[in-house]
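S.K.: For reference, the sequence and a predicted model appear below.
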Amino acid sequence: MPKHQKQLSADHQALVDQGVVNAPDSAKGRLLQAAATLFKEKGYERTTVRDLGKAVGIQSGSLFHHYPNKEAILRAVMEETIILNTELMKAALSQNNDPAEKVLALIRCELESILGDTGAAMTVLVYEWRSLKEESQLEILKLRDIYENLWISTLIEAKESGRVVMDPAILRRLLTGALSWTVNWYRQEGNLSVEQLAKMALTLAIKPN
């Protein structure tokens, strides 16, 4: 394995092996990662095909061996990250039975997606989906609904068990804001681990036994 390549989690590697998502070190994987970074930093409209080609070290025309146009790359960035993180959330939920532990698992997954390798793509998903054509927007919204329904159903279960006192839909909105804002202040090199942060965030959602 190249030194710069990060070891994938077992669940992520399984999704790559099944063909659900691209390997990060594959041609498509590197293109989508570079596109996510550029779309986040420059914005979709201001990012050119030449920018994308330069970022991955190929001629701009070669991009079209993978995707027909720039919008298709944007859609692929969004699909890749939401499908990946939805599947990782499902895997995490399957390993827990306690409602509070399930909520913690979702918080952990979301923090890892925001603060980890898919952070740029998650930002693009939030801010650039309106740049897609209507048909593609509808497909992305369907995928987002699946992601959000995992959250809502888990919070409803926790509420029914007495661990959550707030309306699950409102709690989800509050958690969305709190977790997404961590990208502005959290530092990986600091003394606070993502796991510690996830457990702190859990105290905002779950009442003690």
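M.R.: On my side now, so go ahead. Numbering: from 1, shown residues only.

S.K.: helices or strands next to the helix or strand encompassing Arg108 in the packing?
M.R.: Taking DSSP states H and E as the definition, Arg108 sits inside helix 99-115. In terms of contacts (3 or more C-beta pairs under 8 Å, 6 or more residues apart in numbering; DSSP states H and E), helix 99-115 is packed against helix 70-94, helix 119-127, helix 134-160, helix 168-181, helix 194-205. All C-beta spots, glycine's among them, are computed from the backbone N, C-alpha and C.

S.K.: Between those helices, which one is closest to Gly43.
M.R.: With respect to Gly43, and counting by C-beta to C-beta, the nearest of these is helix 119-127 at 8.4 Å.

S.K.: and that closest one, what does it pack onto?
M.R.: helix 27-42, helix 70-94, helix 99-115.

S.K.: Would you mind giving those helices as TSV with distance to Glu160 and mean pLDDT added?
M.R.: Listed next are these as TSV, based on distance: least, C-beta to C-beta, whole Å; pLDDT from 0 to 100:
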stretch	distance to Glu160	mean pLDDT
helix 27-42	37	94
helix 70-94	16	95
helix 99-115	8	96
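
S.K.: now those helices in a markdown table, with mean neighbour count and distance to Lys54?
M.R.: Compiled in a markdown table, the helices and strands packed on helix 119-127 are given as follows (neighbours: other C-beta atoms under 10 Å; distance: least, C-beta to C-beta, whole Å):
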| stretch | mean neighbour count | distance to Lys54 |
| --- | --- | --- |
| helix 27-42 | 20 | 9 |
| helix 70-94 | 20 | 14 |
| helix 99-115 | 21 | 27 |
